[in-house]
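**Q** everything below, folded, please.
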Amino acid sequence: MLKKVVPLIETVDLQKSYFSGDLETPVLHGIDFVIQEGEFVSIMGPSGSGKSTLMHILGFLDTPTSGSYLFRGEKTRVLEDDALARIRATRVSFVFQAFNLLPRTTVLENVILPLLYHPTIPASEREERAMKAIAEVGLTERTTYLTNQLSGGQQQRVAIARALVTEPDIIFADEPTGNLDSASGLQVMNVLQELHDHQGSTIVLVTHEKATAEYAARIIQLLDGRISSDSRDFKRKDAKTNTDLK
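**A** Numbering: from 1, shown residues only. Now for the predicted structure:
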């Protein structure tokens, strides 16, 4: 008998509102989708569509108002704070538009940082893991550079290495090319594609730009807090050549 494959992420009628006194502001309305391990998914939508709110819920930075969010088949709304903190430290990672690096510290020190709070990775393994993550984003020769000595594209690649170093189940990339010129943005998207295509990393990319979303293998489009489309049937772009993949 075949074993049922449990999705990495599943949402069922997910809803989110914010409250100020008696005023309710609905943001997400009945979000239903599944993300399997190893997918590269873009969540795309204009400003105010709810995409960042959705990412924050999926990344355990916020909670839904109602509905279900299952992570590897486990209902997340019943988890205690300690369990949620452990998931944030070990199973999910983030890459943000603003890089969020420590400016007067080295590339290596920035990448090691998440390991200082990791509950199971021993201190003896930190540098080796960090060097491996730095190599995966092509910055081995910049290991001892201060991050404020790097270009914007290189800084974002350091941020990706920092996200990789804990070997998370999923990487959330929130507008990772938003502060970059087009050439640097292509470099960053190439790194994300390589991680997905050759290492099987699960990546959820949040963007308002269709051109950026098309580097992923699947696009979930949000509009006014609802899913307006969920598509895999398109010619995915190759960041290495900036052309459609055959």
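**Q** neighbours of the nearest residue to Glu125 once chain neighbours are set aside, how many?
**A** Closest residue to Glu125 apart from its sequence neighbours, by CB to CB, 6 or more residues apart in numbering: Leu115 at 7.9 Å. Placement of C-beta: from N, CA and C, glycine included. Number of residues near Leu115 (other CB atoms under 10 Å) recorded here: 20.
**Q** tell me the SS of Leu115?
**A** Following DSSP: H, G, I helix; E, B strand; the rest coil, Leu115 is assigned to helix.
**Q** so what sits opposite the residue most central in space within the chain in the bridge?
**A** By CA atoms, centre = their mean, the mean C-alpha position of the chain lies nearest to Phe172, the distance being 0.9 Å. As for beta bridges, Phe172 partners with Phe94, Val204 under DSSP bridges.
**Q** residues in contact with it?
**A** By CB atoms under 8 Å, 6 or more residues apart in numbering, the contact set of Phe172 is Met55, Leu58, Gly59, Val92, Ser93, Phe94, Val95, Ile203, Val204, Val206.
**Q** same question, Ala89
**A** Applying CB under 8 Å, 6+ apart to Ala89 gives the contacts Pro114, Tyr117, His118, Pro119, Thr166.
**Q** which of those residues sits closest to Ser42?
**A** When the contacts of Ala89 are compared for distance to Ser42 (CB to CB), Thr166 wins out at 22.9 Å.
**Q** quick one on the thing from earlier: got a list of what the residue nearest to Glu125 touches?
**A** Going by CB under 8 Å, 6+ apart, Leu115 touches Ile121, Glu125, Arg126, Arg129, Ala130, Val165, Thr166.
**Q** what subset of those is buried?
**A** Neighbour-count burial (16 or more other CB atoms under 10 Å) applied to those gives Ile121, Arg126, Arg129, Ala130, Val165, Thr166.
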